[in-house]
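Structure for this input, please:
(one chain, ligands or ions: 2)
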Amino acid sequence: GGGGHNRSGSIGRNGTHTEDDSSTCSSGIQVIDENKEFTPYLPTYLTAQNLITAGFSYHVVAVFGSQSTGKSTLLNHLFGTQFSVMDEQARRQTTKGIWMSRAIEDTKKPDPRGMGNNILVMDVEGTDGRERGEDQDFERKSALFALATSEVLIVNIWEHQVGLYQGANMGLLKTVFEVNLGLFLKDRSTTHRSLLFFVIRDHIGHTPLQNLSNTLMQDLNRIWSSLSKPPGLEDSKINDFFDFEFVALPHKILQPEKFVEETQKLRKRFREGIAPEVEVMSGSNGVDQRGDGGGVFLPAYHRRIPADGFPHYASGVWTQIVTNKDLDLPSQQELLAQYRCDEIAATCTAGFNEIMSPFEEQAQSGKVLEGLGSAMKEALGEAMGGFEESGGRYHKGVFERKRDDLRENLEGRLRGLVVGQLSALSKRAVQEFTEEITGILKLANASGQSASSSYDFAAVVNQTRSKVVDKFIAEASESYIPGAEWSNYDNELTSLQAALDEIATRLRGEEMKRLVARLERAIRSKLAEPVELEFRRMEDNSKEKGNLWDRVWKAWTETVGEGVDGFVARAGSLNATEKERDIGAWKLRKKAWGVLKAKIEEEVMEGNILLKLRENFEDRFRYDEQGVPRVWKPTDPIEQTYTTSREATLKLIPLISHIRLSSGSEPPLTQFLGDPPADFEEDVDEMGIVKDEFEVLSEAKQVDLSTRFKRMADAVFVEAKRSTVSSVGE
Ligand code: GDP
Ligand code: MG
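Ligands and ions are numbered 1, 2, ... in the order given. All right, here's what the predicted structure looks like:
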């Protein structure tokens, strides 16, 4: 095989696939390439591996060690990965940059928690210890990256390198310790622990593992004490930051079966997951705390980066590292939290929009939105629930702030809808109330019940009022959002009730006006006949019945009294106030007076009154005391009869010209009407009793009427005279 397709370094164990194997990613993904570029495809990879939704339920492990010490081989055995392994013949470095792969499922033994395979394995390019410069720089950077992201660092080392203090591995470990101290300085609040898991390769067995690990610990402590530590950390121990584990593996080529057997045992230990959501602070005792053969991943090692934020976090960390900025993990976590919380909020808002946008469009119409309450609760509940579930794993302060922002934002939109809804509900209540009351009034008036108290306006108003108010409350309380103070409808309810009361008052006022008008008409028609009758017998004057005006006044006051009684009864059933009732009654009496005056005026209209006077005169002149028509004989005292009759009739003119009772005084109108109320409405002229209130005919009219009457009487006389002459002539 030529070197062409090897350059990618992506050859799996079967050695068959090509560079663009991104669809299966069987050999994982190159997160950082040889040009120190961070891959944009990590989210895609984690999504394809079903890891993106794992929350905290995943682990990250990285391997370190010199080049060609069997690191990739080890990882493949431990995690079922397919990192490329150096070809025995070619002996060329295969791992460039940093690769990452998800542990492949152990199908024979399914893990009940599904956690066993949620392991991200990082294969880090090693140095061969000969080349310096560039390599050293990358080594430092990748160590930082691995420390910032991984819980466990596997340190791969040949048995024969143990105790070689100056060896390449020791240089690497020094780097790891240094960068870890740097990280710790920026992140003192969280005890950032990691496990250094030493795998001693090609263990022949002469030296027991315990001895090897003792030697390594001594070397590690020496490296630690040689480090220049930052102020405050001078006395710190290596175990303050790291736990250590040591395992040895047999020679892969010489003892292949034993190698497989041991790697399988180790494989199990990496899958004995400890529930990662449980935060357990590990002690600082390192090795002894765990007990041999137990699970590897302790909660204390977990970097607490939710899986869906891992790509963003890892690339952010890497950017900081390659640009040689101080790596500050807490601020990286905050930045990550901001970024992810914004993303999550956007997703949740999109879901919210799907439910609420149709309502927001409809709201423009100002109508009541059916189903608004449940939709709001659903939309808000889902958005906030979703946000809390996904965002809650991120930096607490950022999460809480973003959650409050989101809620405020969404509530703000709901608030607009609720305000509109409440006002639409209120409008509808007002409309229904008005329609119903008006309808009832119309019906009552049409069936002629209006003047009686056969239905109780007040009761109808109260019933209808509580009906529409109850409906308003029922629907308005649908729009209540728990925890949102603004969504209560108290104010709207108060103003609705005030509006209904105002409408009831207005409708009652209108009804009372109509009632007054109706009663006025009734009085007019009731009064017509009696007044006409009294005018026909205007000269009658008896002790019991009194004169014309006594009788007219009596008829009028009786009719008006009945009308007012009817009005008062009806006003009671309208639930009118005493004042409204008094105003109405006063107006009715006042208008009734107008009715009487109009009727009188009609009676004394020129033609009418002249006719009446003529009848009166003729009754006297042409009929005798017994009511028998006279037939004049020349001997009859025709002139004298004429004069007496004429004078008697003429006496009626002053009587009808002024309304004056037989007692000689004007009728007690002022007393009858009562004092005008303080503020009656404008449909009545205010009338003080004016000076000539009781004048029916003015002086001039009286003279005019006398003249005309006399002329007419003269004509009657002349005709009577002529009839005598002609009868003599026969
Ligand atoms: P890496 O560069 O550290 O990733 O090393 P590789 O996994 O690519 O392996 C380098 C070479 O070492 C390959 O030829 C492997 O076959 C060989 N190798 C792998 N494991 C062992 C081992 O346990 N002992 C020995 N002696 N060689 C091994
Ligand atoms: Mg390798």
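
OK, contacts around Asn547?
540-541, 655, 661-662 (C-beta atoms under 8 Å, 6 or more residues apart in numbering). Bear in mind the C-beta positions are built from the backbone N, C-alpha and C, glycine included.

Highest neighbour count among the residues you listed?
Highest neighbour count within the contacts of Asn547, by other C-beta atoms under 10 Å: Leu661, with 19 neighbours.

in the stretch 1-150 of the chain, what residue is nearest ligand 1?
Taking C-beta to the nearest ligand atom, ligand 1 has its nearest neighbour within the stretch 1-150 of the chain at Gly70, 2.8 Å off.

if we can go back for a sec, now for the contacts of Asn547, which pair is the farthest apart?
Greatest spacing in those, by C-beta to C-beta: Asp540 and Leu661 (14.3 Å).

Show me what the helix or strand hosting Leu425 is packed up against.
Per DSSP states H and E: Leu425 is located in helix 396-446. With contacts taken as 3 or more C-beta pairs under 8 Å, 6 or more residues apart in numbering; DSSP states H and E, helix 396-446 sits against helix 329-362, helix 372-391, helix 457-478, helix 490-536.

got any ranges where the chain has weak pLDDT?
The model of the chain has pLDDT under 70 over residues 1-25, 89-94, 105-116, 127-135, 165-168, 187-191, 273-294, 445-455, 680-691, 725-730.

Chain neighbours aside, what residue packs nearest to the most centrally placed residue in it?
By C-alpha atoms, centre = their mean, the chain has its centre lying nearest to Leu414, at 2.9 Å. Excluding the flanking residues, the one nearest Leu414 by C-beta to C-beta, 6 or more residues apart in numbering is Met376, at 5.2 Å.

Report the contact partners of that neighbour.
Taking C-beta under 8 Å, 6+ apart, one finds 356, 414, 417-418, 479, 481 in contact with Met376.

that older thread, how about the residue found closest to the residue of the stretch 1-150 of the chain closest to ligand 1 once you drop the neighbours it is linked to in the chain, phi and psi?
Nearest-residue entry for Gly70: Arg201, 5.7 Å, with adjacent residues in sequence omitted and distances by C-beta to C-beta, 6+ apart. Main-chain torsions, Arg201, degrees, to the nearest 10: phi -90, psi 160.

cool, and Phe242?
Per-residue torsions, Phe242: phi -130, psi 150 (degrees, to the nearest 10).

tally of neighbours for the nearest residue to it once chain neighbours are set aside?
Distances taken as C-beta to C-beta, 6+ apart put Leu196 closest to Phe242, at 5.3 Å, once the chain neighbours are dropped. Residues contacting Leu196 under the criterion other C-beta under 10 Å number 22.

which helices and strands does the helix or strand harbouring Leu196 pack with?
Per DSSP H and E: Leu196 is located in strand 194-201. Packing contacts for strand 194-201, counted by 3+ C-beta pairs under 8 Å, 6+ apart, involve strand 152-158, helix 168-186, helix 209-226, strand 242-248.

10 Å instead?
Here strand 194-201 touches strand 59-64, helix 71-79, strand 152-158, helix 168-186, helix 209-226, strand 242-248, helix 256-271, going by 3 or more C-beta pairs under 10 Å, 6 or more residues apart in numbering; DSSP states H and E.

Format the ones you listed as CSV; extra columns: mean neighbour count and distance to Arg393.
Listed next are the helices and strands packed on strand 194-201 as CSV, based on neighbours: other C-beta atoms under 10 Å; distance: least, C-beta to C-beta, whole Å:
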stretch, mean neighbour count, distance to Arg393
strand 59-64, 25, 15
helix 71-79, 23, 25
strand 152-158, 23, 21
helix 168-186, 19, 21
helix 209-226, 16, 34
strand 242-248, 21, 24
helix 256-271, 16, 23
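
between the ones you listed, which gets nearest to Lys590?
helix 168-186 (94.5 Å).

That closest one vs ligand 1: in contact?
No - using C-beta under 6 Å from any ligand atom, helix 168-186 stays clear of ligand 1, with a minimum separation of 12.0 Å.

From here on, call the first residue 56.
Sure thing, new numbering starts at 56, so read that last one as helix 223-241.

How far away from the center of its chain is that helix?
55 Å (C-alpha atoms, centre = their mean, to the nearest Å).

Find the nearest non-adjacent residue to the closest residue to ligand 1 within the stretch 606-755 of the chain, please.
Ligand 1 sits closest to Asn630 of the stretch 606-755 of the chain, with a gap of 97.1 Å, by C-beta to the nearest ligand atom. Closest residue in space to Asn630, ignoring its immediate chain neighbours: Ala513 at 3.1 Å, by C-beta to C-beta, 6+ apart.

Correct me if wrong: the one you found contacts Arg625.
No - taking contacts as C-beta atoms under 10 Å, Ala513 lies outside contact range of Arg625: 11.7 Å.

got any residues that touch both of those two?
Common neighbours of Ala513 and Arg625 (criterion: C-beta atoms under 10 Å, 6 or more residues apart in numbering): Ala631.

Out of the two, name the residue with the larger neighbour count.
Arg625 (24 against 15).

so that one is in which element?
Arg625 belongs to helix 603-628, assigned by DSSP H and E.

list the buried ones in the helix or strand following that helix?
Sequence order places helix 633-658 as the next helix or strand after helix 603-628, per DSSP H and E. If you call a residue buried by 16 or more other C-beta atoms under 10 Å, then helix 633-658 has these buried ones: 635-648, 650-651, 654-655, 658.

cool, and stretch 549-559?
Here stretch 549-559 shows 551, 554-555, 558-559 as buried, counting by 16+ other C-beta under 10 Å.

Chain neighbours aside, what residue packs nearest to Tyr356?
Counting by C-beta to C-beta, 6+ apart, Tyr356 lies nearest to Glu206, which is 3.5 Å off, once chain neighbours are set aside.

go on, Leu710?
Counting by C-beta to C-beta, 6+ apart, Leu710 lies nearest to Leu603, which is 6.3 Å off, once chain neighbours are set aside.

Now do that neighbour: how many residues are near it, please.
23.

I'd say it and Pro585 touch.
No - look at Leu603 against Pro585 with C-beta under 10 Å: they stay out of range, at 11.6 Å.

which ones are touching the spatially closest residue to Tyr535 that is not a sequence neighbour?
Leaving aside its chain neighbours, Tyr535 sits nearest to Ser542 (5.1 Å; criterion: C-beta to C-beta, 6+ apart). Ser542 is in contact with 428, 431, 466, 469-470, 472-474, 476-477, 531-532, 534-536, counting by C-beta under 10 Å, 6+ apart.

Return the distance of Ser542 relative to Ile536.
Distance, Ser542 to Ile536, by C-beta to C-beta, to the nearest Å: 4 Å.

so what sits against both of these two?
Listed as contacting both Ser542 and Ile536 by C-beta under 10 Å, 6+ apart are 428, 431, 466, 469-470, 473.
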